[in-house]
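Asks: mind folding the following:
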Amino acid sequence: MKLISLVIFIFLLKNFAHGQKELVNNSNIFILNASKCLSMKRYMSVSEGITNTWQLDIKYFRDFTHLNNNCINLNQARIYKVRFYSEHKLILNNNLDLKFLQNNSFNKYLIISFSNLKGIDSLLDIFKQVSYQPTSISLYYSKLNFYLAEKKFDNCDNKLMDSNYYSKVFYNIDTIAIYGTCKYFKFTCPLVFKDKQFTEIYIGDLVDSFFYKNKLEFIDLNQNLNLSIKLLSLNVYRYNLDAKILNTLKNSEVLNLIGLLKQIDPYPLINNIDNINMLINNQLDFTFNNLFFFEKLNQYSTQKKLNIYLNSFYGYPDEIFVFIKLFVPIQI
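Replies: The predicted model follows:
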């Protein structure tokens, strides 16, 4: 009986994968039936989402130059997500042609997902080709290194403030999600955020434990980046949030803190953030270890109202409310 069930499962899985490929092979909706487009078919598959929308997967290619995206026809397709997954790690650069995401009659919200990136070219300027609004990008299994002409590019100083370096990397992007499978680095250049307005930035799995570290730190240029973020979400594990990350991302309307947080520097938050959602799993330890944080925010709250929302799913012991006076006049 188990053998029969396994055979049926494999058969259904095979037919599902075959069905995804057939949608590409037999339909002008997704790819043009031309001889020059035959090679593109092996890189593409589609799956149907809700409300007659589609997810387009482009994967197992060896280089962005191997993709003939002129073959992709989305004029009759409601695409909500496009996922790129290369066969080995690549630098995301201007060789990727996204013109197929222009002039679509259904150009609503779109997610563009990248996996297996070695890094990002500092002169990247591909998202201006996308006419979907708003557009979100997601990064998985990638490294947040920057390159120039295939070589590591670590230059980041005030001389580059008005240059083309970094300035177009996130152009035309509304939301950024960097998931925990990505590798962060110290001395990351904050110029990628200069003159940008984001609805949301999510940074996942910032870790500073004994066994594993994945820390993101920005170079302090001591300049106004003219960056605004409506919602900043930081998912952390045994992490200290200090000025090395908060000084760059401090201009946020709402800050979501998720996970296991050790300590947080209050100074970057003062006069910048109005709402903090404490969605952490160690609220008691965090409170006892961050009295200075709450005291400083108390002083700040005499000038401006600050809302702190605690995790409603956390099992608070009675003794935590002894410290409630630390929050007054902060609104909880």
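
Asks: and residue 236, bridged to which residues?
Replies: Beta-bridge pairing of residue 236 under DSSP bridges involves residue 206, residue 259.

Asks: can I assume it is in contact with residue 207?
Replies: Yes - here residue 236 reaches residue 207: they are 7.5 Å apart, a contact under C-beta atoms under 8 Å. Any C-beta I mention is one placed from the backbone N, CA and C, and that applies to glycine too.

Asks: list the residues that contact residue 259.
Replies: Neighbour list for residue 259: 235, 236, 237, 239, 280, 281 [criterion: C-beta atoms under 8 Å, 6 or more residues apart in numbering].

Asks: mind listing what the closest residue to residue 100 other than its chain neighbours touches?
Replies: If the residues on either side of it in the chain are set aside, residue 100 comes closest to residue 72, at 4.1 Å by C-beta to C-beta, 6 or more residues apart in numbering. Applying C-beta under 8 Å, 6+ apart to residue 72 gives the contacts 30, 31, 32, 40, 44, 56, 100.

Asks: quick one, which of those residues are buried?
Replies: For the contacts of residue 72, a burial check counting by 16 or more other C-beta atoms under 10 Å picks out 30, 31, 40, 44, 56, 100.

Asks: just give me the neighbour total for residue 140.
Replies: Residue 140 is flanked by 18 other residues according to other C-beta atoms under 10 Å.

Asks: which strand residues bridge the nearest residue to it once chain neighbours are set aside?
Replies: The shortest distance from residue 140 to any non-neighbouring residue, by C-beta to C-beta, 6+ apart, is to residue 115 (4.4 Å). Beta-bridge pairing for residue 115 (DSSP bridges): residue 85, residue 140.

Asks: how about the strands in the stretch 101-250 of the chain?
Replies: 110-121, 135-140, 146-148, 151-152, 175-178, 197-208, 213-214, 228-241 (DSSP state E, counting those that start in this stretch).

Asks: residues contacting the last one, please?
Replies: Translated: strand 228-241. 180, 196-209, 215, 245, 249, 251-265.

Asks: who does the closest residue to residue 145 other than its chain neighbours form a beta bridge with?
Replies: Leaving out its chain neighbours, the residue that sits closest to residue 145 by C-beta to C-beta, 6+ apart is residue 119, at 3.5 Å. Judged by DSSP bridges, the bridge partners of residue 119 are residue 91.
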